[in-house]
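# this one's sequence-less:
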């Protein structure tokens, strides 16, 4: 049965089902609405089922239409991704996955600059805590938190980040030395690399028992610090906007020992390096962060 259904009939069906409009599908495919309607009628005859309910100019999928679209839609998505991967003439789409706090605090404010410097490039950005394995070819690259245990991929460090206590200006006026933090609510995070006891140890003090609020994302801890809820131990890279605007201050940056570590990495399959949008993004990252990525 499937070998008797040409793709020339499935393509109009997929466009109409996705847009819920024969007219929109026609415009997308540079055809007339009549041609779309004719193709779908022919497909319905081949399958022996009704795929759409027609109410004037509005169309809705039938139960059979929904069942068919579930499979056909996935198939055309895979085709598009495959063509984008191997075609040098595909749109300049960069498909990027990113750790949530890095995406919200550092990348998003700079995306207009990247897109402005690289006309013709578009970006699809997804944020999440799961590392991409790139098995489905859904993304070109991933900016991950923590060094990934992955083989067969290019892994580039985005350089060192400085961690120091950050707080609102009002709270900051009460902090002159590390010992002053013993009387402050210390915001706890789930950052497995940077915890308060490490900072206190670096500055010759025993950390107090946890008393502050707890947040599972750096951008949430920073927002809490801006609101005056307590003091966050966080990356000055992620807090660049808040520090520049004065919403946050680093009262001990010059009066205590800061901690540095490499927290974020750019990861991508070797084959993705051939895609122009990713090459442009890597070059821009180097300039924006001020590092050299050894590719």
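Now that the structure is in, tell me what you want to look at. Everything quoted here is computed from the prediction, not taken from an experiment.
# where's residue 214 relative to residue 103, distance?
Distance of residue 214 to residue 103, computed by CB to CB, to the nearest Å: 21 Å. Yep, even glycine has a C-beta here, placed from its N, CA and C like the rest.
# quick one: which of these two has more around it?
Ranked by neighbour count (other CB atoms under 10 Å), residue 214 and residue 103 place residue 103 first, with 19 against 12.
# return the distance of the more buried one relative to residue 145.
Counting by CB to CB, the gap from residue 103 to residue 145 is 11 Å.
# can you give me the strands for the stretch 51-200 of the chain?
In the stretch 51-200 of the chain, the segments counted as strands under DSSP state E, counting those that start in this stretch are 52-55, 58-61, 92-98, 121-127, 141-145, 153-157, 161-166, 186-189.
# tell me which of these lies nearest to residue 256.
For the strands of the stretch 51-200 of the chain, the distance to residue 256 is smallest for strand 161-166, at 7.4 Å, taking CB to CB.
# mind checking the longest helix of the protein?
Ranked by residue count under DSSP state H, the longest helix found in the chain is helix 63-86.
# touching that one from outside, list them.
With contacts defined as CB atoms under 8 Å, 6 or more residues apart in numbering, helix 63-86 is touched by 10-11, 13-14, 17-18, 47, 49-52, 61, 90-91, 93, 136-138, 271, 275.
# what about 7 Å?
Helix 63-86 is touched from outside by 10, 13-14, 17-18, 49-52, 61, 90, 93, 137-138, with contacts defined as CB atoms under 7 Å, 6 or more residues apart in numbering.
# just stretch 46-62 next, same as before
Contacts for stretch 46-62 (CB under 7 Å, 6+ apart): 4-5, 13, 16-17, 20-23, 40, 43-44, 64-65, 68-69.
# buried ones among the contacts of helix 63-86?
10, 13-14, 17, 51-52, 61, 93 (16 or more other CB atoms under 10 Å).
# can you map out the helices along the stretch 101-250 of the chain?
108-117, 169-172, 196-202, 218-226, 240-245 (DSSP state H, counting those that start in this stretch).
# in the first one, what's buried?
Going by neighbour count (16+ other CB under 10 Å), the buried part of helix 108-117 is residue 114.
# just checking, what packs against it?
Under the contact criterion of 3 or more CB pairs under 7 Å, 6 or more residues apart in numbering; DSSP states H and E, helix 108-117 touches strand 121-127, helix 276-289.
# the spatially closest residue to residue 263 that is not a sequence neighbour pairs with what?
Spatial nearest neighbour of residue 263, excluding adjacent residues (CB to CB, 6 or more residues apart in numbering): residue 161 at 5.3 Å. The partner list for residue 161 in beta bridges (DSSP bridges) reads residue 261.
# residue 161 reaches residue 235, doesn't it?
Yes - in this structure residue 161 lies within contact range of residue 235 using CB atoms under 7 Å: 4.3 Å.
# between those two, tell me which one has more neighbours.
Set residue 161 next to residue 235 and count neighbours by other CB under 10 Å: residue 235 wins out with 27 against 19.
# go ahead and confirm the more buried one touches residue 160.
No - contact criterion CB under 7 Å: residue 235 and residue 160 do not qualify, at 9.9 Å.
# what sits against residue 44?
Residue 44 makes contact with 50-51 under the criterion CB under 7 Å, 6+ apart.
# so who does the residue nearest to residue 263 touch?
By CB under 7 Å, 6+ apart, the residues touching residue 161 are 235, 237, 260-261, 263.
# now, of those residues, which are buried?
Listed as buried from these are 235, 237, 263; burial here means 16+ other CB under 10 Å.
# distance of the second one from residue 149?
Looking back up the chat, that one is residue 237. 23 Å.
# under the pLDDT cut-off, which ranges of this structure? List them.
Counting by pLDDT under 70, the low-confidence segments of the chain come to 1-3, 57, 81, 83-91, 132-133, 135-136, 190-193, 294-295.
# the strands of the stretch 51-200 of the chain: which one's closest to residue 229?
The nearest among the strands of the stretch 51-200 of the chain, by CB to CB, is strand 186-189 at 6.7 Å.
# thinking again about what came up before, let's have the strands of the stretch 51-200 of the chain in CSV, adding distance to residue 291.
Formatted as CSV, the strands of the stretch 51-200 of the chain follow (distance: least, CB to CB, whole Å):
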stretch, distance to residue 291
strand 52-55, 54
strand 58-61, 50
strand 92-98, 17
strand 121-127, 21
strand 141-145, 14
strand 153-157, 8
strand 161-166, 11
strand 186-189, 25
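# which of these sits closest to residue 254?
Between residue 254 and those, the tightest spacing by CB to CB is seen for strand 161-166, at 9.6 Å.
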